[in-house]
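In: Next input, structure requested:
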Amino acid sequence: MDTAKNKGNPLQFSSAVLARRDTVISAELPRPSSSRSPALPSAVRTEMQPNPLAPALSRAREHVAELEALVPKGEPWQGYRQFRVVEIIDDADRQRSFSLEPVDGKEIAGFKPGQYLMFRVNIDGTEYVRCYSLSDAQRPDRYQVTVKDAYANDEIRSVSHYFHGLTAGAVLDVSAPKGQFVFDLHDPTPAVLLAGGVGVTPLLAMVKEVARTGSQREIHLYYGAATPRDFVRPDELRAIAAEYPNIKVHLICSRPDGFAAGVDFDHQGRISLDLLKQTLPKQRYEFYMCGPAGMMSSLTTGLQQHGVSARDIHSEAFAAAPSVVLSKRENAMGVANVQPVQVYFARTGGSLEWDPSSKTLLDVANSKGKKIESGCKAGSCGMCCVDLKSGSVEYPSGSQLDPGAGKILPCIAVPKSDRLELDV
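Out: Okay, the predicted model is just below:
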């Protein structure tokens, strides 16, 4: 734990500090001067006297030890590792949580709330890689992800439907936790978490980790769904909010469907800037949002127009929408047709032609047999990162991850120059 950022929390003292506070040594008290009498007998000057705070400090030390015991102590691994599904919970309509434990029985790596796992699955001879957010607080021996059986497109539907067909005992290839959309438990700035639909999953991990650790960071969760049937574990969220005064929960639905306001949900409609202004005290906040692209775009624009700095707005996307990427590129360039671009491959040799129908560089490379391993396809995991030898690219949909100098994210990149060379 970072004690420097939690000086006001008595539970965050290091064990060394707690040990020093267990006793008071009378030898450290000033000695009476020789002009004063009677002098204290020398035999008692070094006696250990009990500190009245010792019981509370001992309990604090025990609490710290308990928290440390709950944190995974393994190191992140390269590539994939096999995990077994040990528990499946039906959380809401078409949404299930999967608990996973390592097949080899070894330690697992810790994670920061907001991160995700990458899964490699083979469905009817086709290999897919998908990212699913960790949706629970840290536990020493298992991870949990929550997956919605989606209808978005063929690939997303295939993998999510595959997950919903799993049973306990199934074995999956899993990466170590990844992602830059992370939450600082020790930051004193109040945080507003904005969740749309299954986008709540990384924010659930944030809320639960604040509760698990006793973090004093102020949290306001706004969770929007179509109907109250779509909320993931609303009773658990209510219970957490009732127990921890620094955590507030707002459940919002667009279609009540006969459910009771004030009981099954708090607000009717959608998460909006007006709702935030009506319900949040006026102060500076950090905003974390995850949900549909339209929701995040609208809220980001509204927050910035009302003076929220871009550095205080953090967002996570689950999947890219290539058709939207292309239309944004065409609109940005101000022309209906984009000239083809020649893309060269430095390591494997050869070249291919990119044009607007090719969508992203990842799409065109994979379609022509130039395999680039990828994960999220939204520019957030970094798995597809490659070196750019020459030329330039742009990210019409924006990038949440800085790949570093001389590197690009092909999953969301389109050519900006008339020639490209990739280290592929």
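
In: Name the residues that touch the helix or strand where V210 lies?
Out: If you go by DSSP states H and E, V210 is part of helix 201-213. With contacts defined as C-beta atoms under 8 Å, 6 or more residues apart in numbering, helix 201-213 is touched by 1, 67, 70, 113-116, 132-138, 145-146, 181, 183, 185, 191, 193-195, 215, 217, 219, 221, 223, 232-233, 237, 240, 243-244, 246-247, 249, 288, 290, 316. (Glycine included, C-beta is placed from N, CA and C.)

In: The helix or strand that it is followed by: partners in the sheet, and parallel or antiparallel?
Out: The first helix or strand that comes after helix 201-213 along the chain, using DSSP H and E, is strand 219-225. Sheet pairing for strand 219-225, assigned by DSSP bridges, gives strand 191-196 (parallel), strand 247-253 (parallel).

In: quick one: contacts for G110?
Out: G110 neighbours (C-beta under 8 Å, 6+ apart): 71-74, 138, 177.

In: redo that, cut-off 6 Å
Out: The contact partners of G110, taken as C-beta atoms under 6 Å, 6 or more residues apart in numbering, are 71-72.

In: Assess the claim that Q144 and S99 are in contact.
Out: Yes: contact status for Q144 versus S99: in contact at 5.0 Å, counting by C-beta atoms under 6 Å.

In: And the two? Which one has more around it.
Out: Taking neighbours as other C-beta atoms under 10 Å, Q144 and S99 compare with Q144 leading, 22 against 19.

In: Work out for me the element the more buried one sits within.
Out: Using DSSP H and E, Q144 falls in strand 143-148.

In: What helices and strands are in contact with that strand?
Out: The elements that strand 143-148 packs onto, with contact taken as 3 or more C-beta pairs under 6 Å, 6 or more residues apart in numbering; DSSP states H and E, are strand 95-102.

In: can you count the residues close to N366?
Out: For N366, the count of nearby residues is 16 (other C-beta under 10 Å).

In: From S160, how far out is it?
Out: As for N366, its distance to S160 is 21 Å (criterion: C-beta to C-beta, to the nearest Å).

In: now do G398
Out: 24 Å.

In: which of the two has more neighbours?
Out: Using other C-beta under 10 Å, the more surrounded residue of G398 and S160 is S160, with 21 against 14.

In: Please type out the PyMOL selection for whichever of the contacts of helix 201-213 turn out to be buried.
Out: Restricted to buried positions by 16 or more other C-beta atoms under 10 Å, the PyMOL selection for those reads:
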select buried, resi 1+67+113+114+115+116+132+133+134+135+136+137+138+145+146+181+183+185+191+193+194+195+215+217+219+221+223+232+233+237+240+244+247+249+288+290+316
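
In: Restricting to C-alpha, output the helix holding V210 in PDB.
Out: Output in PDB follows, covering the C-alpha atoms of helix 201-213 (Å, rounded to 0.1, in the frame of the first residue of the first chain):
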ATOM      1  CA  THR A 201     -17.800  -4.400 -15.500                       C
ATOM      2  CA  PRO A 202     -14.500  -2.500 -15.000                       C
ATOM      3  CA  LEU A 203     -16.300   0.000 -12.800                       C
ATOM      4  CA  LEU A 204     -17.700  -2.800 -10.600                       C
ATOM      5  CA  ALA A 205     -14.100  -3.800 -10.000                       C
ATOM      6  CA  MET A 206     -13.300  -0.200  -9.000                       C
ATOM      7  CA  VAL A 207     -16.200   0.000  -6.500                       C
ATOM      8  CA  LYS A 208     -15.500  -3.400  -5.000                       C
ATOM      9  CA  GLU A 209     -11.800  -2.700  -4.600                       C
ATOM     10  CA  VAL A 210     -12.500   0.600  -2.800                       C
ATOM     11  CA  ALA A 211     -14.800  -1.300  -0.400                       C
ATOM     12  CA  ARG A 212     -12.400  -4.200   0.000                       C
ATOM     13  CA  THR A 213      -9.400  -2.000   0.900                       C
END
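
In: can you give me the mean pLDDT across that helix?
Out: Averaged over helix 201-213, pLDDT sits at 96.

In: Tell me what angle it forms with strand 95-102.
Out: 60 degrees (axes from the mean of the first three to the mean of the last three C-alpha atoms, to 10 degrees).

In: And helix 201-213, how far out from the chain middle?
Out: Its chain's C-alpha centre and that of helix 201-213 lie 10 Å apart, by C-alpha atoms, centre = their mean, to the nearest Å.

In: Same check on stretch 243-259?
Out: 21 Å.

In: Stretch 197-215 too?
Out: 9 Å.

In: do stretch 185-203 as well
Out: So, by C-alpha atoms, centre = their mean, the centroid of stretch 185-203 is 8 Å from its chain's centroid.

In: Likewise for stretch 279-289?
Out: With C-alpha atoms, centre = their mean, you get 18 Å for stretch 279-289.

In: And it, what's buried?
Out: Buried, per 16+ other C-beta under 10 Å, within stretch 279-289: 285-289.

In: For R255, state which of the residues you listed is nearest.
Out: Lowest distance from R255 to those (C-beta to C-beta) belongs to M289, with 21.5 Å.

In: Give the bridge partners for the closest one, please.
Out: What pairs with M289, by the bridge criterion (DSSP bridges), is L194, S315.

In: So it is in contact with A195, correct?
Out: No: under the criterion of C-beta under 6 Å, M289 makes no contact with A195, lying 7.5 Å away.

In: who's in contact with D90?
Out: R96.

In: mind checking how far it is from K73?
Out: 31 Å.

In: Could you export the strands paired with strand 219-225 as a markdown table, including mean pLDDT?
Out: Listed next are the strands paired with strand 219-225 as a markdown table, based on pLDDT from 0 to 100:
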| stretch | mean pLDDT |
| --- | --- |
| strand 191-196 | 97 |
| strand 247-253 | 97 |
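
In: how about the helices of this protein, start to end?
Out: For the chain, applying DSSP state H gives helices covering 15-21, 54-69, 154-164, 201-213, 234-243, 273-279, 293-305, 322-333, 361-367.

In: Just give me the lowest mean pLDDT stretch among those helices.
Out: Lowest mean pLDDT of these: helix 15-21, a mean of 33.

In: re earlier: which residues are in contact with the strand holding Q144?
Out: So strand 143-148 is in contact with 94-95, 97-100, 117, 132, 134-136, 160, 163, 198, 201, going by C-beta under 6 Å, 6+ apart.

In: same thing with stretch 116-128?
Out: Here stretch 116-128 makes contact (C-beta under 6 Å, 6+ apart) with 80, 129-133, 145, 158-159, 162, 172-175, 179, 375.

In: And the buried ones among the residues you listed, selectable in ChimeraX?
Out: Buried members of the contacts of stretch 116-128, defined by 16+ other C-beta under 10 Å, are picked up in ChimeraX with:
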select :129,130,131,132,133,145,158,159,162,172,173,174,175,179,375
